[in-house]
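Colleague: Let's see this in three dimensions:
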Amino acid sequence: MASDDISSQRTQLQRILNETKSIRKRIKRHTKKIIVGYPISILVLFAVVPAGILFVTSFFPKPSGEYYSIGFTTTHYVRILEGQALEYITTTLSLAVMTTLMCLLIGFPMAYGLSRFCSPKYKRNYLIVIIATMWLTVIIRTYAIQILYATDGMFNRLLVWLGFVPEAIFESTGLFTVLTGMVYGYLPFALLTMYSSINKIEPSIEEASLNLGANRLQTIWRVIIPQAIQGIAVAGGLVFILSSGSYVIPRLLGDPSQWTVPILITQQISNQLNVPYAAALAIVFVFVIDGLFVVSFWAYRRLGRVSVVGIESLSTKFVRVGDSILGYVPNSFTSRVPMLLRAYLFVLLVLFALPLAVVISVSFSPGSVMQFPPEGFSLQWYEEILTAALWRNALFDSLSIAVIAAVISTSIGASLAYSIDRFELEYKSQLMALGVTPLVIPPVIAGVAYMSYFLQIDIWGTKYGVAIAHGVVFSPFALVLVKKGLDELDDHLEEAASSLGASQVQLTRTVTVPLLSSALFSGALFAFVLSLNEYIIAYFISGFGFNTVPIEIFSSLRYNYSPEIAAISVIYIMITTIVVVVVDRRFDLSLWN
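Modeller: Below you'll find the model as predicted:
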């Protein structure tokens, strides 16, 4: 009997081993299909399909007391065209345009000075600070600006003390405060985009212009800007998209006259339960933004085109006029441009770091109301945070969602980048466009789309739903970083491994992936930190079952300004910093490039 049992077990074990080998052979045979199909299917299921459901939902009727009912009506679109929504659209676009122009005007000198007149070590440290501000939740940044612009805040006190004004002129809400918050939040995106473009321009071209008699400002105008114009245009487009989709900044820093379309969409869902109208408004807003981009692209192409033979184009005339004006600037000033740009960079670095210093100092305040500078020192708010179950649960939920989102984001971006770079595929440009699409959709619209979709597939109100949404939305970072890593990879190393008999799977596992570890962990880190700090998408998907830390912070700010909020913000900053430093020391992160 014992021998029969042993024989039976061996037979079963052999059968399992044979089935495993068969599965592994099938996987190897279909490796290409799996690698290519995985990211496409995920992006279609969780980016394209939600957008389609959002469009369909916009035509559903809205019965009283319900989100929607199945049917067809164009009432919501008629209401948008005839109602107050047009004012919200106008306000949103105005704020976005002003923010974009300010970011370009402030960011270009920063990008040029950083690229040309700073040491490599200074550049790296500067970029680390800039990227670190991008990783802080917009709620924390907004909270810091409220403290600085309060009636008894630092800026008002300083101006009154210096005698520039007799009384406080800044307010914690208003147009100027909103624009400050917008520029502080989105300037890093413009800076990094333009810096990358300017950094690719050969310094020898600039030196040739200077040697031929042009001053520094003329060289910037006639050499640097024309060659970096594509990067400048991309920076402007990115800031415009991000600022047009902003919800937290105008909601916390703005008066009702500065409230935007994302705020109206949120109100329609939260207060009116009118999902179809919110969906219709989101669709209209997307079409408006796309229309503006088409017009802007046409104007961009038109400005550089010579319409009549022998007649200068409008852009060329503009360049010549500007060159003539800059030619009158004294050499005593233009020779000091490098020094002035270094000082300019330092001042802006201080301004970037100031809100963080304010939040940290306020967190140690002994009083029950935020005050800067604090009148004493106390750790009571940290004790309350660490002992409160509400904050502990929110922190655990945020961290678990961020980890899952990082895995999903990296798997999507890396597999799509590998497919585009390594396989002979048609429509590579279309696949790349599909991969970056989640990044250019305003977060509030993505949130509404996911809410409508996840309600249908029964994952609304779950942590997995938020993690999937974050993973898809932040996957373009992994896509771009891994694609860049693959472009810079030495092909000879893979060819050597292949000549020694390594299969494609062994080649990828033992050569390609280790060489891409920097890019892979950079993409995962981006997704982790951004997911950790994301608010509006999580707000639409989380429902009533749980809250992330940004949602709890925002809810607290709506009712009080306790230093407790500053304390949890500092804990969040510490977690972000520790994760970045540890991963950066373990892997030479490619994101600093």
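Colleague: for the lengthiest helix in the chain, which positions count as buried?
Modeller: If you go by DSSP state H, the chain has its longest helix at helix 389-422. Of the residues in helix 389-422, those with enough neighbours to count as buried (16 or more other CB atoms under 10 Å) are 391, 394-395, 397-399, 401-406, 408-420, 422. For glycine as for every other residue, the C-beta is placed from the backbone atoms N, C-alpha and C.
Colleague: Tell me the helix or strand right after that helix.
Modeller: Downstream of helix 389-422, the first helix or strand assigned by DSSP states H and E is helix 428-436.
Colleague: what's downstream of that next one, the next helix or strand?
Modeller: That would be, after helix 428-436 and using DSSP H and E, helix 443-457.
Colleague: Flag every buried residue along the helix or strand following that next one.
Modeller: With elements assigned by DSSP H and E, the helix or strand that comes after helix 443-457 is helix 463-473. For helix 463-473, the neighbour count (16+ other CB under 10 Å) marks K463, G465, V466, A467, I468, A469, H470, G471, V472, V473 as buried.
Colleague: try stretch 537-544
Modeller: Buried residues in stretch 537-544, counted by 16+ other CB under 10 Å: I537, A538, Y539, F540, I541, S542, G543.
Colleague: Return the distance of G545 relative to I360.
Modeller: Distance of G545 to I360, computed by CB to CB, to the nearest Å: 32 Å.
Colleague: For these two, indicate the residue with more neighbours.
Modeller: When neighbours are counted by other CB atoms under 10 Å, G545 and I360 differ, and I360 comes out ahead with 16 against 10.
Colleague: gap between the more buried one and R141?
Modeller: 13 Å.
Colleague: Same question for T92.
Modeller: Distance of T92 to R141, computed by CB to CB: 20 Å.
Colleague: sorry, back to before: hey, what's in contact with both of I360 and R141?
Modeller: Common neighbours of I360 and R141 are not found (criterion: CB atoms under 8 Å, 6 or more residues apart in numbering).
Colleague: Does the nearest residue to R422 once chain neighbours are set aside belong to a helix, a strand or coil?
Modeller: Using CB to CB, 6 or more residues apart in numbering and skipping residues adjacent in sequence, the residue nearest R422 is L486, 7.5 Å away. Of the three states, L486 takes helix under DSSP: H, G, I helix; E, B strand; the rest coil.
Colleague: Now do the same for L486: its pLDDT.
Modeller: What the model reports as pLDDT for L486 is 73.
Colleague: what about it, neighbour count?
Modeller: For L486, using other CB under 10 Å, the count is 18.
Colleague: who's in contact with the closest residue to V482 other than its chain neighbours?
Modeller: Nearest residue to V482, sequence neighbours excluded (CB to CB, 6+ apart): A417, at 4.0 Å. A417 makes contact with G435, A478, L479, V480, V482, K483, L486, according to CB under 8 Å, 6+ apart.
Colleague: what's the offset of the helix or strand where the fifth one lies from the middle of its chain?
Modeller: V482 belongs to helix 475-487 when assigned by DSSP H and E. A distance of 15 Å separates the centroid of the chain from that of helix 475-487, by CA atoms, centre = their mean, to the nearest Å.
Colleague: That one vs helix 463-473, what angle?
Modeller: On the basis of axes from the mean of the first three to the mean of the last three CA atoms, to 10 degrees, helix 475-487 is oriented at 50 degrees to helix 463-473.
Colleague: helices or strands up against helix 475-487?
Modeller: helix 389-422, helix 428-436, helix 517-533 (3 or more CB pairs under 8 Å, 6 or more residues apart in numbering; DSSP states H and E).
Colleague: Pull out the buried positions in the second one.
Modeller: Applying a neighbour-count criterion of 16+ other CB under 10 Å, one finds L431, M432, L434, G435 buried in helix 428-436.
Colleague: Name the nearest residue to the first one, sequence neighbours excluded.
Modeller: This means L431. I420 (5.7 Å).
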